[in-house]
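*Asks:* Give me a model of this one.
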Amino acid sequence: MIRKWRMIQQRVMVLALHFELIKVCKQSGARLGRIHTQHGVIETPIFMPVGTQATVKTLSPEELKEVGSQIILSNTYHLFLRPGHEIVEEAGGLHAFMNWDSPILTDSGGFQVFSLNALREISEEGVAFRSHISGEKLFLSPEKSIEIQNALGADIIMAFDECTPYPAERQYVEDSMRRTIRWAKRCIKAHQRPDEQALFGIVQGGMDLDLRRESAERLIELDFPGYAIGGLSVGEPKEQMYEVLESTTGLLPANKPRYLMGVGSPDSLVRGAIYGVDMFDCVLPTRIARNGTAMTSMGRLVVRNAKFARDFTPLDPNCDCYTCRSYSRAYLRHLVKAEEIFGLRLISYHNLYFLLRLMEKVREAIRQDRLLDFGEQFIKQYYGTTDIQLTF
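*Replies:* A predicted model of the protein is given here:
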């Protein structure tokens, strides 16, 4: 049976994605690589802006290119609810629908469905849930998730998984992880466009290292073209997340891309890269921007605070993005306080630019075999402390 799965994967998935491992940092073990897709090449490690509903909130595709976005993420669950995957497919797929000609990744919708809690019911077949918009009763299965993602046409798609909450009883986590494996097999069978879309498996298992190992080993037997690490940053202590992350990345194939789902704080990007992660995504930079908070070279800056009312300096004097070249903290504070959308746009633009430039610096540090040195310097400057460890 295992041989059959491998033959299917090797025969039909080779054209969708190719991962090129360029270099391993001698100081840290971090990886410099390239992911080749049908819509372009992605330099890794990379941060992926989240465009939940076929848009990164407040920003145009042209602005996303300006800030350095190589790939963006969209959400299966939300596009299933509206406008509907049939409409996106009729438009020519997600790339044409949103006028984005670079790579796209879609998640499976699993995290959103399982976040509904009281509105959903899990079975072996899938998940019955009520739309958070209309209250309509709907059903999402591995087959349905793949059908939707095939219609959306992203370059990288995700297997339907169950994201285990934290905390959870071990038996629940074990049952959930094994169901995710069974669902992964069904996703492979349902996948109709393997020569165009690379299907990633998702490692689950909660905070249990033994279950994580079992999940990784069984997914590796299925020979996916890439592997995601799910179920982290769901409420657990950060050091526990890092312990699980370090253990899990070490189990994954060196010749396949590794994707840490839903994690995007600056320290997590640096530390994740040190542990061998290639891809990251998170709503953090645009979400905090909408609350008037910026990421700067000296740490977070809450623009709405009164002390910036007469501060006519750039948002970040060490940043050369459009926002920092053109507008002062005082003006940005005014826009945020007046609830002007332009202010949210400018801070979102800056925050994404900041994280994408951070990943450029991470890649350069790997190239120079000095990521640990860079990481320590960055953490000290951004967080104002040397107490944050980068390795165990």
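
*Asks:* how far is the host helix or strand of M359 from where the chain is centred?
*Replies:* In this assignment (DSSP states H and E), M359 forms part of helix 341-367. Relative to its parent chain, helix 341-367 has a centroid offset of 15 Å by CA atoms, centre = their mean, to the nearest Å.

*Asks:* Give me the buried positions along whichever helix or strand comes after it.
*Replies:* Using DSSP H and E, the next helix or strand after helix 341-367 towards the C-terminus is helix 371-383. Neighbour-count burial for helix 371-383 flags L371, L372, F374, G375, F378, I379, Y382 (criterion: 16 or more other CB atoms under 10 Å). Bear in mind the C-beta positions are built from the backbone N, C-alpha and C, glycine included.

*Asks:* Can you tell me how far H132 is from A306?
*Replies:* H132 sits 36 Å away from A306, going by CB to CB, to the nearest Å.

*Asks:* Give me the more crowded residue out of these two.
*Replies:* Taking neighbours as other CB atoms under 10 Å, H132 and A306 compare with H132 leading, 13 against 8.

*Asks:* and that one, how far is that from I146?
*Replies:* 22 Å.

*Asks:* just G231 next, same as before
*Replies:* 20 Å.

*Asks:* what mean pLDDT would you report for stretch 23-37?
*Replies:* For stretch 23-37, mean pLDDT rounds to 98.

*Asks:* which residues touch the spatially closest residue to G250 that is not a sequence neighbour?
*Replies:* Once flanking residues are discounted, G250 sits nearest to G276: 7.3 Å by CB to CB, 6 or more residues apart in numbering. Going by CB atoms under 8 Å, 6 or more residues apart in numbering, G276 touches G29, A30, R31, T249, G250, L252, R258.

*Asks:* Next, count neighbours for A273.
*Replies:* A count of neighbours around A273, defined by other CB under 10 Å, yields 31.

*Asks:* Check R287 too.
*Replies:* Residues near R287, counting by other CB under 10 Å: 15.

*Asks:* One more: T385?
*Replies:* Neighbours of T385 (other CB under 10 Å): 8.

*Asks:* In space, what's closest to it - neighbours in sequence excluded?
*Replies:* Using CB to CB, 6+ apart, the nearest residue to T385 is I379, at 7.3 Å.

*Asks:* and what of D195?
*Replies:* Here the residue nearest D195, using CB to CB, 6+ apart, is L15, at 4.7 Å.

*Asks:* I figured the one you found was touching E196, is that so?
*Replies:* Yes: counting by CB atoms under 8 Å, E196 is a contact partner of L15 at 7.4 Å.

*Asks:* Show me whatever sits in contact with both of these two.
*Replies:* Residues touching both L15 and E196 by CB under 8 Å, 6+ apart: Q38.

*Asks:* okay, those two: which has more neighbours?
*Replies:* Taking other CB under 10 Å, L15 and E196 do not tie; E196 has more neighbours (19 against 11).

*Asks:* which residues sit in contact with that one?
*Replies:* Applying CB under 8 Å, 6+ apart, the residues near E196 are L15, A16, Q38, G153, D155.

*Asks:* do you know how far the residue nearest in space to the middle of the chain is from T44?
*Replies:* With distances taken as CA atoms, centre = their mean, D281 lies nearest the centre of the chain, 2.3 Å away. Distance of D281 to T44, computed by CB to CB: 13 Å.

*Asks:* hmm, back to that, so what's the model's average confidence on the helix holding M359?
*Replies:* Helix 341-367 shows a mean pLDDT of 98 in the predicted model.

*Asks:* leaving aside the residues next to it on the chain, what's closest to D278?
*Replies:* Nearest to D278 is T44, by CB to CB, 6+ apart, at 4.1 Å.

*Asks:* Could you tell me the model confidence score at that neighbour?
*Replies:* pLDDT, T44: 98.

*Asks:* Just give the number of residues close to it.
*Replies:* 28.

*Asks:* what's it in contact with, if anything?
*Replies:* R31, L32, G33, R34, I35, P257, D278, M279, R363 are the contacts of T44 under CB under 8 Å, 6+ apart.

*Asks:* could you give the mean pLDDT of the helix or strand harbouring L211?
*Replies:* If you go by DSSP H and E, L211 is part of helix 209-221. In this model, helix 209-221 has an average pLDDT of 98.

*Asks:* Beyond it, next helix or strand please.
*Replies:* strand 227-229.

*Asks:* After that next one, which helix or strand is next?
*Replies:* Sequence-wise, the next helix or strand downstream of strand 227-229 (DSSP H and E) is helix 238-249.

*Asks:* Give the pairing partners of whichever helix or strand comes after that following helix; include direction for each.
*Replies:* Using DSSP H and E, the next helix or strand after helix 238-249 towards the C-terminus is strand 258-260. Applying DSSP bridges, strand 258-260 is found paired with strand 227-229 (parallel), strand 279-281 (parallel).

*Asks:* by contact count, what packs against whichever helix or strand comes after strand 258-260?
*Replies:* Counting by DSSP H and E, the element after strand 258-260 in chain order, helix or strand, is helix 266-274. The helices and strands touching helix 266-274, judged by 3 or more CB pairs under 8 Å, 6 or more residues apart in numbering; DSSP states H and E, are helix 238-249, strand 279-281, helix 341-367, helix 371-383.

*Asks:* so the residue sitting furthest away from the middle of the chain, which of the three states?
*Replies:* Relative to the C-alpha centroid of the chain, counting by CA atoms, centre = their mean, R310 is the outermost residue, at 37.1 Å. Under DSSP: H, G, I helix; E, B strand; the rest coil, R310 falls in the coil class.

*Asks:* contacting residues for it?
*Replies:* R310 is in contact with A330, counting by CB under 8 Å, 6+ apart.

*Asks:* what's the spacing between it and A338?
*Replies:* 16 Å.

*Asks:* Output the helices and strands packed on helix 266-274 as JSON lines; include the columns distance to S115.
*Replies:* Below are those laid out as JSON lines (distance: least, CB to CB, whole Å):
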{"stretch": "helix 238-249", "distance to S115": "18"}
{"stretch": "strand 279-281", "distance to S115": "16"}
{"stretch": "helix 341-367", "distance to S115": "23"}
{"stretch": "helix 371-383", "distance to S115": "29"}
